[in-house]
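*Asks:* 3D model of this:
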Amino acid sequence: MPTVKHGGGGAMVWGCMAGNGVGRMEFIESTTDKYAYLSILKRNLKQSVEELGLGSDYYFQHDNDPKYTADVVKLWLLYNVPKQLRMPPQSPDLNPIEHLWYSLERKIRQRTITSKAMLKDVLHEEWTKISPTKTSKLVYSMPKRLAEVLKRRGYPTFY
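*Replies:* The predicted structure is shown next:
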C-alpha cells in the first residue's frame with residue numbers, strides 16, 4: 001500500500017473479499033512469517049465468512065507465497081476451510097483481490113496522507129466503501145480470466 005510522504009511509513013494489510021462484499025481487513029505491524037499469517041487467518045477468516053453469510057459455500061484462494069503454503073498453514077486450512085482453489089505460481093491474473101488492492105491503492109494515492117495513523121484511517125474508510133457490485137464483478141470474472149490465461153498459454157493477460 002502507499003507510503004506516507006517524507007518517509008512516514010507505509011501499511012501492509014491482509015483482507016478478504018467475496019462476491020457479496022469485502023470481509024475484514026487487518027493491518028500487519030511486523031514481519032509476517034507462516035505463524036503470523038496463520039494467526040491472521042484465525043482472527044479474520046472465519047469471522048469474515050460469517051459476516052458475509054457464506055456458510056460453507058465458498059472457495060478460499062490465496063497466492064503461493066511460501067508462508068501461505070507452509071505445512072502449518074495447509075494443515076489449519078485442511079480442517080477449517082472446506083474448499084480451496086490451488087493457484088499456479090506467479091498468477092496475479094487469476095487472483096481477483098489483486099485488482100481490488102490496485103483500485104484501493106489508486107484511491108489512497110489521490111489523498112494527502114500526512115501520517116501512518118491517517119493512512120490507516122483512510123485505508124479503512126476506503127475499504128468499507130468497496131461495493132458488493134465491485135467484488136461480485138471481480139469474482140464472477142474468474143471463468144473469463146481462466147479462459148484468457150489458457151488462450152494466452154500462460155502469458156500475462158489484460159486482467
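*Asks:* counting neighbours, what do you get for V22?
*Replies:* The local packing of V22 (other CB atoms under 10 Å) involves 23 other residues. Glycine gets a C-beta too; all of them are placed from N, C-alpha and C.
*Asks:* where does this structure have low pLDDT?
*Replies:* Residue ranges of the chain with pLDDT under 70: 1-9, 92-93.
*Asks:* M17: neighbouring residues, count only.
*Replies:* Counted with other CB under 10 Å, M17 comes out at 24.
*Asks:* distance check, the residue nearest to it when sequence neighbours are not counted against K144.
*Replies:* Take M17 and drop its neighbours on the chain: the residue closest to it by CB to CB, 6 or more residues apart in numbering is T135, 4.7 Å away. Here T135 is placed at a distance of 16 Å from K144 (CB to CB, to the nearest Å).
*Asks:* ok, back up a step: my read is that the residue nearest to M17 contacts C16, right?
*Replies:* No: taking contacts as CB atoms under 8 Å, T135 lies outside contact range of C16: 10.0 Å.
*Asks:* which residues do the two both contact?
*Replies:* Common contacts of T135 and C16, defined by CB atoms under 8 Å, 6 or more residues apart in numbering, comprise V22.
*Asks:* show me the contacts for the residue nearest to M17.
*Replies:* By CB under 8 Å, 6+ apart, T135 lies in contact with M17, A18, G19, N20, G21, V22, P96, L100.
*Asks:* ok, now I28?
*Replies:* Counting by CB under 8 Å, 6+ apart, I28 touches M12, V13, W14, A36, I40.
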